[in-house]
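S.K.: what follows is a predicted structure for the sequence shown.
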Amino acid sequence: MKKIYLFTIFLAFSFSFFNCAQQKVAHNTKVVENGKNILIGEFDRKALEDPEFKKWFDDEYNSYEIEQNKLVGIENLKDYSIEIFLGTWCPDSRREVPRLLKILDQEKFPASQLHLIAVNHKKKSNNGEEVGKNVSHVPTIIVYDKNKKEVGRIVESPVSAYLEEDLAQIVKGTPLKPNYSND
């Protein structure tokens with residue numbers, strides 16, 4: 001009887017844990033803001049295949065030509081993790097995020113080390129992922145080392161004019177100072 005009781009508790013815990021894990025993976029929300037659907041919260045890249053976002057994402061991703069000569073020094077990028085705060089409503093995010101994802105795809109950057117978080121116009125997500133991270137403009141691309149320490153960021157657009165070059169500078173330990181507008 002004791003074994004059955006323990007097994008029942010184990011099953012209940014397992015189902016509870018599984019459900020929480022599933023909610024964590026899929027806690028993005030599509031909401032209407034200013035008359036348009038936007039994503040809010042952490043999301044899987046597949047969410048960008050939604051018809052609401054697919055056209056702008058695919059257009060920018062497919063048209064972007066990676067500057068191969070600017071990738072020098074990016075070889076160790078896989079030793080880092082990247083967190084991207086973006087607005088699916090934001091022209092800068094619509095331009096830079098597909099380009100960055102194309103670069104990361106080419107470099108075979110592990111999907112498990114990439115975190116996409118959508119924010120609203122007030123730069124807020126639904127679960128507070130932005131809290132304490134100084135996200136005042138989007139996209140904000142934060143690169144972390146193995147110890148989860150921030151080593152650099154790209155805000156709104158690359159300082160050097162090339163995402164590839166800014167990423168290489170971050171990986172080399174010499175990130176460029178952001179120069180973003182005050183909008």
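M.R.: On my side now, so go ahead.
S.K.: got the buried residues for the top strand by length along the chain?
M.R.: Secondary structure assigned by DSSP state E gives strand 36-43 as the longest strand of the chain. Using 16 or more other C-beta atoms under 10 Å as the test for burial, strand 36-43 gives I38, L39, I40, G41, E42, F43. In short, each C-beta sits where N, CA and C put it, glycine included.
S.K.: flag every buried residue along stretch 57-74.
M.R.: Along stretch 57-74, the positions that meet the burial threshold by neighbour count (16+ other C-beta under 10 Å) are F57, E60, Y61, Y64, I66, K70, L71, G73, I74.
S.K.: hang on, R153 in a helix?
M.R.: No - assessed by DSSP: H, G, I helix; E, B strand; the rest coil, R153 does not belong to a helix; its assignment is strand.
S.K.: for R153, which residues count as its bridge partners?
M.R.: I142 (DSSP bridges).
S.K.: contacting residues around it?
M.R.: In this structure, R153 makes contact with T140, I141, I142, V143, I170, P175, P178, judged by C-beta atoms under 8 Å, 6 or more residues apart in numbering.
S.K.: contacting residues around stretch 155-167?
M.R.: When contacts are defined by C-beta under 8 Å, 6+ apart, stretch 155-167 is touched by residues 66-67, 70-71, 74, 77, 92, 95-96, 99-100, 103, 136-141, 143, 152, 154, 169, 175-181.
S.K.: hmm, who's touching stretch 85-100?
M.R.: Contacts of stretch 85-100 (C-beta under 8 Å, 6+ apart): 33-34, 36, 38-39, 52-53, 56-61, 64, 84, 116-121, 123, 125, 129-130, 133, 135, 137-142, 154, 156-158, 163.
S.K.: if we can go back for a sec, which residue in the buried residues of stretch 57-74 has the weakest pLDDT?
M.R.: Looking at pLDDT alone, these dip lowest at G73, where the score is 85.
S.K.: by contact count, what packs against the longest strand of the chain?
M.R.: In this structure, strand 36-43 packs against strand 29-33, helix 51-63, strand 114-118, with contacts taken as 3 or more C-beta pairs under 8 Å, 6 or more residues apart in numbering; DSSP states H and E.
S.K.: which among the contacts of stretch 85-100 end up buried?
M.R.: With neighbours counted by 16+ other C-beta under 10 Å, the contacts of stretch 85-100 contain buried members at 38-39, 53, 56-57, 60-61, 64, 84, 116-120, 123, 125, 129-130, 133, 135, 137-142, 154, 156-158, 163.
S.K.: on that earlier part again, okay, the helices and strands packed on strand 36-43 in JSON lines with distance to E107 next?
M.R.: What follows is the helices and strands packed on strand 36-43, written out as JSON lines (distance: least, C-beta to C-beta, whole Å):
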{"stretch": "strand 29-33", "distance to E107": "30"}
{"stretch": "helix 51-63", "distance to E107": "15"}
{"stretch": "strand 114-118", "distance to E107": "11"}
